[in-house]
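J.: pasting a predicted model and its sequence here:
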Amino acid sequence: MKNGFKIIDGSVTAPKGFLAAGVFCDIKRLGTGKGSQKGQKRDLALIVSKVPAAVAGMYTTNQICAAPVKVSAERTANPMAQAIVVNSGNANACTGKRGFRDARRMTAIAGGELGITPSDVLVCSTGRIGLPMPMGNVKNGILMAAHALSDSREAAANVAEAIMTSDTRPKEIAVEFTVGGKTVRIGGVCKGAGMIQPGMSPTGARPASALHATMLGFITTDVAIDPKELKRSLEIAVAQSFNRITVDGDMSTNDTVLALANGQAGNKPINRTNRNDMKRFQEALDFVCLELAKKIVRDGEGISRFVTVRVHGAKTSSDAEDAARSVANSSLVKTSWCGGDPNWGRILDALGYSRAIIIEEKIDVGYSRPGEKMVTYAVKRGQPTKIPFATLVKLVAEKEFDLHISLNLGSGHAVVYTCDLTENYVDFNKGDVTDPSSLGG
């Protein structure tokens, strides 16, 4: 039991009325990016609701975005959908008109095989950019997956594997809780390890206050909920989870989070009139999304440390986020963490060039163990404290720690989840043009 939610097995198949399958159809061939030589790793998946479901989506705000993103964004403007087809090994990005034809064809093949309207099928892709989809293989994969659909725990695990690219492990979660006297469930899977600093919106258009390999997330729930409320809830959940992580500061062309809610739990449909149920659902969705988002950072390419950057006392919330991201994405800060060096000078430097309002004489910087309230301060009011260097080193040597920054200018605050930058990240991503299998996405 965590935060009042019971963690259970099954991820996307845990909620009632959902089927899934993951298969190998040889999309991830030589030259399609890191992970190409994983053998017969599953590379195509289907997630299907037995009945039409309320739908919501969040998409990359990168101005260069993949064909599947645009196709799915059009369809999640509607209230309902029923299935998701997703592949790894090929991003179907920067592929022109053919890319759109291929994305739509994937939904048509899936819809035909499942006996549902193609426009009720969403599509996602992840992998190397700029390569045409091997549609013969993709079609075979969709047909195989449609015939392998199951509500088993194994089927959900196969989906988690099929969407991986440079990931070293699958990322899944499911929770059970009560809404309106009914037991309901939310399940989810995601992928991501590199090209990670999502900034997603419901349409892919950049928000008025811009947020800053690909991450994909798929959420299923048997909750009955008004489609408009599901869209609103997913936007809230993503804003404080997937949109709060960074591995390398690079926003992907394909970032997507999709949610389907099929109502099979039998609860009274959630809307704004039953606020307690809405609040409970939001809390559970927030929890699922944040746990999945953290799994992405912990599996970041080459990382050795997971760091939670907590900024308090900024003049505005926007300033707090700008300051947190500036520190979380600083190569100098991240490499110091790799070496276990509590180099607060680099942190102050990153704060200084951020867009946030900063006054040097007011800044406090400290460290703590994850989630602990007791903070050991290296800097107070812009000046070093008398805390021994060895004490700070011990804190930063941990595999996970929190960095606390107080700007002492207002009430703005923000949290960003990040990691260190290691030699392994560079080695993994530099590629070798004489060896196509070494080239990244």
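T.: Looks like it came in fine.
J.: leaving out the residues flanking it, which one is nearest to Glu321?
T.: Distance criterion Cβ to Cβ, 6 or more residues apart in numbering; nearest residue to Glu321, sequence neighbours excluded, is Ala414 at 4.2 Å. For every residue, glycine as well, the C-beta is placed using N, CA and C.
J.: just the element for that neighbour, please.
T.: Using DSSP states H and E, Ala414 sits within strand 412-419.
J.: on that earlier part again, for the residue nearest to Glu321, name its beta-bridge partners.
T.: Counting by DSSP bridges, Ala414 is bridged to Val311.
J.: for the longest helix along the chain, buried residues please.
T.: Scanning the chain for the helix with the most residues, using DSSP state H, yields helix 275-298. By neighbour count with 16 or more other Cβ atoms under 10 Å, helix 275-298 contains the buried residues 277-278, 280-282, 284-298.
J.: check contacts around the closest residue in space to Ala66 that isn't next to it in sequence.
T.: Spatial nearest neighbour of Ala66, chain neighbours left out: Ala93 (3.6 Å); criterion: Cβ to Cβ, 6+ apart. By Cβ atoms under 8 Å, 6 or more residues apart in numbering, the contact list for Ala93 reads 64-67, 99, 125, 129-130, 253-254.
J.: just Leu392 next, same as before
T.: Neighbour list for Leu392: 342, 367, 376, 378 [criterion: Cβ under 8 Å, 6+ apart].
J.: where are the low-confidence patches of this structure?
T.: Judged by pLDDT under 70, the chain has its weakly predicted residues at 1-3, 29-39, 194-198, 206-213, 431-441.
J.: name the SS class of the residue sitting furthest away from the middle of it, please.
T.: Distance from the C-alpha centroid of the chain peaks at Lys386, with 39.6 Å (Cα atoms, centre = their mean). The three-state assignment at Lys386 reads coil, by DSSP: H, G, I helix; E, B strand; the rest coil.
J.: for it, give its distance to Gly340.
T.: Separation of Lys386 from Gly340 (Cβ to Cβ, to the nearest Å) stands at 21 Å.
J.: what of Gln63?
T.: Distance from Gln63 to Gly340, counting by Cβ to Cβ: 38 Å.
J.: looking at those two, which one has more neighbours?
T.: Gly340 (16 against 9; other Cβ atoms under 10 Å).
J.: could you look up the SS state of the more buried one?
T.: Secondary structure, three-state DSSP: Gly340 is coil.
J.: again, but for Ala53
T.: Following three-state DSSP, we place Ala53 in the strand state.
J.: tell me, how many residues neighbour it?
T.: Ala53 has 29 neighbours, counted by other Cβ under 10 Å.
J.: hmm, it is touching Ala83, no?
T.: No. Using Cβ atoms under 8 Å, Ala53 is not in contact with Ala83; the gap is 9.2 Å.
J.: ok, Pro227 - contacts?
T.: Neighbour list for Pro227: 54-56, 79-80 [criterion: Cβ under 8 Å, 6+ apart].
J.: repeat that with 6 Å
T.: 54, 79 (Cβ atoms under 6 Å, 6 or more residues apart in numbering).
J.: then Gln240?
T.: Contacts for Gln240 (Cβ under 6 Å, 6+ apart) come out as none.
J.: distance-wise, check it relative to Lys294.
T.: 12 Å.
J.: just to revisit the earlier point, could the contacts of Leu392 go into CSV alongside distance to Phe401 and neighbour count?
T.: What follows is these, written out as CSV (distance: Cβ to Cβ, whole Å; neighbours: other Cβ atoms under 10 Å):
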residue, distance to Phe401, neighbour count
Pro342, 9, 25
Tyr367, 6, 24
Thr376, 10, 18
Ala378, 12, 24
